[in-house]
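Peer 1: sequence below, structure please.
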Amino acid sequence: MAAAAKLHAVTLVRSPIGKSATVKKTLEALGLTRMHKTTIHKNTPTVNGMLRTVIECVDVQPVKFEEQPSAAAPKGTTVFFDHTNTLRGMSEAAFKQHTQPLEKFE
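Peer 2: Below is the predicted model:
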């Protein structure tokens, strides 16, 4: 059995017009505010429940990292997905370091 993907690329492919307010708010919470916009989310039970709510409007693909990553990408580097939904321009370790949550300021 293959291991589950750690990250999902979620793309809005169908308009939420005519859908319930719950679906619209869930899409907004996922960061999907425009058609064909793609966001990256962790594979957690919370996110999976949100995706089940809006599955008729989104396309979900596992994120794969390129096998031979280029040198560690500095901040501000452009990262993109190719046609096979492989993250190009950044290794998995650099991606994790680049996407660390900010500390809360008090």
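Peer 1: now the strands for the chain?
Peer 2: For the chain, the strands defined by DSSP state E cover 7-12, 38-42, 58-62, 64-65, 80-81, 86-88.
Peer 1: okay, those strands in TSV with mean pLDDT next?
Peer 2: TSV is the format used below for these (pLDDT from 0 to 100):
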stretch	mean pLDDT
strand 7-12	90
strand 38-42	89
strand 58-62	91
strand 64-65	71
strand 80-81	55
strand 86-88	57
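Peer 1: so which of these is nearest Leu32?
Peer 2: Nearest to Leu32 among those is strand 7-12 (4.1 Å), distances taken as C-beta to C-beta. In this view, the C-beta of every residue, glycine as well, is placed from N, C-alpha and C.
Peer 1: what strands flank the closest one, and is each parallel or antiparallel?
Peer 2: Strands that pair with strand 7-12, judged by DSSP bridges, come out as strand 38-42 (antiparallel), strand 58-62 (antiparallel).
Peer 1: what's the closest of these to Arg14?
Peer 2: strand 58-62 (7.6 Å).
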